[in-house]
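Trainee: model the structure of this input:
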Amino acid sequence: MLELQGAKRRHLLSAYAHLAHALRQMAEAAEGRSPTGVGPPLTPLDPDVVEPILAPLRSLKARFRSVVAQLAPAELAAFEASQPRHNTFVWLANLLDAIRMAVDGIQPSRMGRYGRGTSEEQAALAVLHEELSRKLRRARAALEQAQAQQETE
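Mentor: Numbers count the residues shown, from 1 in each chain. Just a heads-up that it's a prediction; the model follows:
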């Protein structure tokens, strides 16, 4: 049986991971969801149009996975293993920070770079920013409470 060296095993796993990700994005696009996750919705395609496209790719993915399982079993097992709950909380915190940055971007003081707004616009943006910031603070508090609870379990 073929034996690959460490870097080649990792590259094989990386190629498989990229293939799996692209296939998931294709399926989402066919269902009408933007593969970027932030774009406008796409027009969904009928399953009878999509299936002839995705079926051979699902088969390709399964075959690729079987090769990776043979040639890089430890790397595949590590890749497919769930990370600890702590890592999930870290991701939630990081994504919450990204949301906070988006919300902070609508503060009247920051919106000035896009043109001087009327006092009415600035007041409306300030009210909206405060409302959204309250919701963010509630989400942050809930996240911190969930993390604290998880640490005591």
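Trainee: name the single longest helix found in this protein.
Mentor: Of all segments of type helix in the chain, defined using DSSP state H, the longest is helix 119-152.
Trainee: in it, which residues are buried?
Mentor: Q122, L125, H129, L132, L136, R140, Q147 (16 or more other Cβ atoms under 10 Å). Just so you know, the C-beta spots here come from the backbone N, C-alpha and C atoms, and that holds for glycine as well.
Trainee: so the third one touches A102, yeah?
Mentor: To tie it back to what came earlier, the one meant is H129. No - using Cβ atoms under 8 Å, H129 makes no contact with A102, being 11.0 Å away.
Trainee: residue nearest the centroid of the protein?
Mentor: Nearest to the centroid of the C-alpha atoms of the chain, with distances taken as Cα atoms, centre = their mean, sits G37, at 7.6 Å.
Trainee: what's the helix or strand bottoming out on mean pLDDT in the chain in contact with?
Mentor: None of the helices or strands of the chain scores lower by mean pLDDT, DSSP states H and E than helix 108-111, at a mean of 89. With contact meaning Cβ atoms under 8 Å, 6 or more residues apart in numbering, helix 108-111 is reached by D104, G105, G117, E121, Q122, L125, A126, H129.
Trainee: can I get these in CSV including distance to P47 and pLDDT?
Mentor: Listed next are the contacts of helix 108-111 as CSV, based on distance: Cβ to Cβ, whole Å; pLDDT from 0 to 100:
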residue, distance to P47, pLDDT
D104, 42, 95
G105, 39, 94
G117, 48, 83
E121, 46, 91
Q122, 49, 91
L125, 44, 93
A126, 48, 93
H129, 43, 95
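Trainee: buried set for the host helix or strand of E51?
Mentor: E51 is part of helix 47-71 when elements are defined by DSSP states H and E. For helix 47-71, a neighbour-count test (16+ other Cβ under 10 Å) marks V50, K61, V68, L71 as buried.
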